[in-house]
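Chemist: Give me coordinates for this.
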Amino acid sequence: MTVTKVKYKDWEFEVDRDLTRQTYNSVSVSGADSCVCNDCKNYVAYRDKVFPDEIKRFFDDLGIDYKKEVEIISFETLPDGLHHIGGWLHFKGRVLTGKDYRVPLPSGGHTFDLTAINDTFSIGFAVGKDLAHFADKTGLVQIEFMTYIPWVIDKSLETT
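Modeler: Have a look, this model is predicted:
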């Protein structure tokens, strides 16, 4: 296991890039690609434009294939027609510095405090293993993202 340090904005991480890359290379179908819902079909059709270039470069530094997300969630359709979606991926490593996106609620559970990268894309990091592609679920960092995307597939399939 070769661990390297990767810095992104206010965060610093230790990452096993080789193991992360090997894991993503072994994934044949992403969460969205395996789903039959129209929201996921739309996401897949737009996926190459979802992530800002700086995030794609950052994911590459971590060994992550952004086309192999674990899960996609559709929250709502806004009045302007954009679809509010979220999703997550993982890498083998740990957060050394920077905020945890999970904010505990007094009644239990948590809410998200993601960091805006641009007007439509936010990201956050925390220890997590929800539905992870990794065989060994220990020592994983979960990356949550939220964004707004247009409907790009057949309009008759749109859910509002």
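
Chemist: Quick one: neighbours of Val36, just the number.
Modeler: 6 (other C-beta atoms under 10 Å). The C-beta positions use only the backbone N, C-alpha and C, and glycine is treated the same way.

Chemist: repeat for Val127
Modeler: Val127 has 13 neighbours, counted by other C-beta under 10 Å.

Chemist: and it, what does it touch?
Modeler: Contacts for Val127 (C-beta atoms under 8 Å, 6 or more residues apart in numbering) come out as 94-95, 100, 140-142.

Chemist: ok, now with 7 Å
Modeler: Residues near Val127 by C-beta atoms under 7 Å, 6 or more residues apart in numbering: Val141.

Chemist: What of Thr97?
Modeler: By C-beta under 7 Å, 6+ apart, the contact list for Thr97 reads 11-12.

Chemist: ok, now with 8 Å
Modeler: Counted by C-beta under 8 Å, 6+ apart, Thr97 has contacts 10-12.

Chemist: what bridges to it?
Modeler: Glu12 (DSSP bridges).

Chemist: gap between it and Ala116?
Modeler: Separation of Thr97 from Ala116 (C-beta to C-beta, to the nearest Å): 19 Å.

Chemist: Kindly report the same for Asp65.
Modeler: Separation of Asp65 from Ala116 (C-beta to C-beta): 24 Å.

Chemist: of the two, who's got more company?
Modeler: Asp65 (17 against 10).

Chemist: mind listing what's buried in the longest helix belonging to the chain?
Modeler: For the chain, the helix with the greatest residue count under DSSP state H is helix 38-50. Across helix 38-50, burial judged by 16 or more other C-beta atoms under 10 Å covers 38-44, 46-47, 50.
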